[in-house]
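Chemist: no sequence on hand, only this structure:
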């Protein structure tokens with residue numbers, strides 16, 4: 001299924017009609033009779049198929065060599081310098097490979113003398129000893145021959161004369177030495193220079209032909225960086241015969257792409273495949289993402305891995321198109337994944353969208369599209385408009401188009417909110433927020449409602465904690481003074497909906513994060529009245545949260561208690577004592593409102609909300625509410641779960657009794673007389689429907705009845 005992105009090795013695999021050229025060039029190399037060194041270059045950019053072309057040339061050279069007598073056969077060295085890159089032995093490795101190739105050519109005339117001279121030559125250049133096994137068996141210098149380390153210059157020979165003699169032997173033998181060097185462009189700059197030193201001076205031997213495959217632009221740039229002068233002129237001086245490997249034509253790429261795509265198509269249900277839609281999106285957008293064969297291989301491998309695992313829940317054409325973004329434009333892919341509301345109709349029925357809101361959405365979408373410059377904006381937008389019809393309201397408001405949500409859901413398209421997450425099952429949720437997206441989010445703070453919606457979206461995308469992390473002092477300082485109130489409003493109104501992180505010695509929970517952000521927004525404001533006004537406005541407009549308000553006021557109150565470490569002189573407090581009392585009363589009004597509409601007992605922070613009501617408001621009213629609420633089964637269970645929250649957590653983990661049970665019962669007594677609840681709790685416990693309750697509700701009842709020592713017709717399980 002998976003393509004290892006290997007170049008082709010045989011002419012029968014050639015889809016680009018390059019075999020004819022390869023055969024022609026191979027024959028020219030074999031027919032070259034000039035004894036002087038020849039350097040041939042194959043120039044091509046990334047992914048143009050240089051290595052495949054080299055393999056086709058090699059195939060033809062080997063094939064032609066089968067018809068050549070041994071005394072005329074070529075000696076072939078296929079050297080890949082990339083295999084030795086970074087080892088500081090590139091020159092030595094090249095000559096060792098050359099020596100090995102000559103030794104393996106049994107038909108090489110005067111091979112012993114040629115190899116001996118070559119080994120001396122290698123030693124002169126690399127400062128390495130001649131291998132003992134390759135020293136001549138008969139030598140006047142027997143002591144030199146038998147030493148552990150014997151260097152070329154110790155033989156008594158001169159380097160210039162050694163090379164001249166070596167060239168004379170090579171010139172007088174009939175075998176062409178064809179040296180093929182590929183992947184030069186992948187080397188470090190200094191190593192590229194070394195390769196050309198080998199070809200031009202060290203290894204410019206007689207009867208030797210070099211075939212080089214390289215990216216001309218990269219090589220000349222590397223030489224320029226090392227030498228500080230014209231790398232192109234040096235390349236032209238070294239390479240005597242150059243051929244440009246042309247980019248693969250669009251038609252050839254499409255043929256290769258469609259052939260490779262056949263590997264994935266057996267997994268596609270033909271009934272769900274819309275051929276007309278595929279052709280439309282491919283020729284209008286997708287085709288422009290594939291610039292070479294490597295692009296095709298990367299795409300098909302990614303698609304072949306992921307599609308079979310989600311094929312039952314996604315639209316195949318949509319998934320094929322989305323995978324293009326995942327492979328080639330991961331920044332935009334992540335932007336789509338993390339902004340579900342922008343690309344689907346997620347909150348279309350919740351908020352009324354006017355032109356101003358569409359402009360805000362356009363700002364967000366433009367930021368995502370601008371994350372890359374690799375492909376044209378037009379191509380990217382064409383693909384996005386196909387996948388997400390909602391964007392037509394933003395970018396093509398005057399274009400008549402039809403989109404049916406019912407049909408899209410039936411076809412399991414990505415634009416449906418219900419289907420959206422299925423397309424990203426194999427995407428690691430990083431919660432990443434780019435600097436550009438962060439700036440866009442902060443710009444939305446100029447509008448109260450838009451910023452509120454932005455926090456809602458971040459929370460839905462599970463990125464709100466990351467956003468709060470990024471709202472440090474430096475970021476907050478960039479928010480204009482006139483926008484601070486909008487940020488405070490949104491944080492206090494949405495805080496209860498955010499995931500609550502556990503506090504530790506090293507971390508704050510979510511509500512403390514919110515408090516610290518609000519604190520940093522308020523501190524630059526000089527007048528206490530202005531700070532109070534912002535907090536008052538936020539509390540009055542809040543409809544979705546109540547505990548975040550209570551928590552914020554509790555933290556503000558710490559500045560007023562002399563026995564607390566947070567106590568501050570009056571001048572330095574964020575609000576005055578009188579203002580604090582007003583804020584506490586406003587918070588109580590919000591708690592009472594939640595009680596009237598029947599939502600208070602549903603709140604996961606019920607107990608601290610009741611405590612705030614008791615301490616800041618009318619204690620008797622609070623107790624009356626509890627008595628009334630606990631007359632209902634749901635109210636009693638919610639209250640007991642809130643009172644015994646920590647013991648329940650312990651029971652689930654350890655299944656053992658602790659003194660915490662009694663402490664919680666004492667705390668309950670400040671809100672309601674436990675005896676008032678005992679009989680009702682006993683009835684629920686003994687009822688046959690007890691087994692249908694949630695686990696925490698069952699444990700809450702058993703803990704309460706246990707600490708009350710209530711006699712029941714059922715046995716309360718004993719803890720260890």
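Modeler: Arrived safely, thanks for sending. Model, not experiment: these values are computed from the prediction. Numbers count the residues shown, from 1 in each chain.
Chemist: so where do the strands sit in the protein?
Modeler: 38-43, 75-79, 177-181, 208-214, 241-244 (DSSP state E).
Chemist: just checking, what packs against the last one?
Modeler: Spelled out, it's strand 241-244. Applying 3 or more Cβ pairs under 8 Å, 6 or more residues apart in numbering; DSSP states H and E, we find strand 241-244 packed against strand 38-43. All C-beta atoms are positioned from the backbone trio N, CA, C, and that covers glycine.
Chemist: distance check, the closest residue to residue 369 other than its chain neighbours against residue 46.
Modeler: Once flanking residues are discounted, residue 369 sits nearest to residue 380: 5.6 Å by Cβ to Cβ, 6 or more residues apart in numbering. Separation of residue 380 from residue 46 (Cβ to Cβ, to the nearest Å): 22 Å.
Chemist: ok, those two, which is more surrounded?
Modeler: residue 380 (23 against 12; other Cβ atoms under 10 Å).
Chemist: what sits against that one?
Modeler: 285, 329, 332, 369 (Cβ atoms under 8 Å, 6 or more residues apart in numbering).
Chemist: make it 10 Å
Modeler: 285, 288-289, 325, 328-329, 332, 368-372, 374 (Cβ atoms under 10 Å, 6 or more residues apart in numbering).
Chemist: can you pull the pLDDT of it?
Modeler: pLDDT recorded at residue 380 is 95.
Chemist: likewise residue 674?
Modeler: For residue 674, pLDDT reads 93.
Chemist: for it, grab the count of nearby residues.
Modeler: So residue 674, with other Cβ under 10 Å, has 16 neighbours.
Chemist: is it in contact with residue 681, as I believe?
Modeler: Yes: with contacts counted by Cβ atoms under 10 Å, residue 674 reaches residue 681, the gap being 9.3 Å.
Chemist: between the contacts of residue 380, which has the most around it?
Modeler: residue 368 (25 neighbours).
Chemist: OK, contacts around the residue lying closest to that residue once chain neighbours are set aside?
Modeler: Leaving aside its chain neighbours, residue 368 sits nearest to residue 335 (3.5 Å; criterion: Cβ to Cβ, 6+ apart). By Cβ under 10 Å, 6+ apart, residue 335 lies in contact with 325, 329, 342-343, 364-365, 367-372, 432, 434, 436-437.
Chemist: do that again at 8 Å, thanks
Modeler: So residue 335 contacts 367-368, 371, 434, 437 (Cβ under 8 Å, 6+ apart).
Chemist: nearest to residue 536, of the residues you listed?
Modeler: Nearest to residue 536 among the contacts of residue 335 is residue 437, at 31.8 Å by Cβ to Cβ.
Chemist: tell me, how many residues neighbour that closest one?
Modeler: 22.
Chemist: could you measure from the closest residue to it other than its chain neighbours over to residue 567?
Modeler: Of all residues not flanking residue 437 in the chain, residue 367 sits nearest, at 6.0 Å (Cβ to Cβ, 6+ apart). To residue 567, residue 367 is 44 Å away according to Cβ to Cβ.
Chemist: one step back: what touches both of residue 674 and residue 681?
Modeler: Common neighbours of residue 674 and residue 681 (Cβ under 8 Å, 6+ apart) are residue 704.
Chemist: top helix in the protein by residue count?
Modeler: Taking DSSP state H as the criterion, the chain has its longest helix at helix 577-596.
Chemist: pLDDT of that helix, averaged?
Modeler: 95.
Chemist: over to stretch 494-507?
Modeler: Here the average pLDDT along stretch 494-507 is 80.
Chemist: in that stretch, which residues are buried?
Modeler: Of all the residues in stretch 494-507, those buried under the rule 16 or more other Cβ atoms under 10 Å are 494-496, 498.
Chemist: would you reformat those residues as TSV and include distance to residue 655?
Modeler: Formatted as TSV, the buried residues of stretch 494-507 follow (distance: Cβ to Cβ, whole Å):
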residue	distance to residue 655
494	37
495	34
496	31
498	31
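Chemist: right, and out of these, which lies closest to residue 117?
Modeler: Relative to residue 117, and with distances defined as Cβ to Cβ, the nearest of the buried residues of stretch 494-507 is residue 498, at 78.4 Å.
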